[in-house]
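>>> missing the sequence, but the structure's below:
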């Protein structure tokens, strides 16, 4: 794996950013916007995927980073559950559901792979590089 200097360079963060943008577009352009609590929950969970990657990266250590990657993975799962609620309430179409569910599953899989890589690597993160 390449050594990344900024979280913005991480492919999984970049995909998570697009995911959050797509989620926001769905929320603004569907009946989800009429359910204020659900709208806020979905906006929060989709944004948390990318935000937790960034926060964990900035912590500088692999143990903290993997912990925050786990939070990101949890947020992707939370968003998928919220998508089911939207589908069941008739707020979104099956096509809209399928697209964002698949995107969330892909990101979750990449996060799982990244967590496994970090857990099995000898790298400790830049915070501990010179210790």
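Good, I have the coordinates. In this text, all values refer to a predicted model and were calculated from it rather than measured experimentally.
>>> what's the most centrally placed residue in the chain in contact with, if anything?
Nearest to the mean C-alpha position of the chain, by C-alpha atoms, centre = their mean, lies residue 49 at 2.4 Å. By C-beta atoms under 8 Å, 6 or more residues apart in numbering, the contact list for residue 49 reads 16, 19-20, 72, 75-76, 79, 104, 107. Heads up, the C-betas are built off the backbone N, CA and C, glycines and all.
>>> what's the answer for residue 87, then?
94, 97.
>>> ok, 6 Å please
Applying C-beta atoms under 6 Å, 6 or more residues apart in numbering to residue 87 gives the contacts residue 97.
>>> quick check, nearest of the contacts of residue 49 to residue 36?
Distance to residue 36 across the contacts of residue 49 (C-beta to C-beta) is lowest for residue 79, with 17.1 Å.
>>> Give me the pLDDT for that closest one.
If you check residue 79, the pLDDT there is 98.
>>> Dihedrals phi and psi, it?
Main-chain torsions, residue 79, degrees, to the nearest 10: phi -60, psi -40.
>>> Equivalent analysis for the one 4 residues further on, please.
In terms of degrees, to the nearest 10, the main-chain angles of residue 83 are phi -60, psi -40.
>>> now it: how far from residue 11?
23 Å (C-beta to C-beta, to the nearest Å).
>>> Could you do residue 66 as well?
For residue 66, the distance to residue 11 - C-beta to C-beta - is 17 Å.
>>> Also residue 73?
Noted for residue 73: a distance of 15 Å to residue 11, by C-beta to C-beta.
>>> These two: which is more packed in?
Higher neighbour count among residue 73 and residue 11: residue 73, with 22 against 11, using other C-beta atoms under 10 Å.
>>> What count of nearby residues applies to the closest residue in space to residue 8 that isn't next to it in sequence?
Spatial nearest neighbour of residue 8, chain neighbours left out: residue 14 (7.5 Å); criterion: C-beta to C-beta, 6 or more residues apart in numbering. The tally of other residues near residue 14 (other C-beta under 10 Å) stands at 14.
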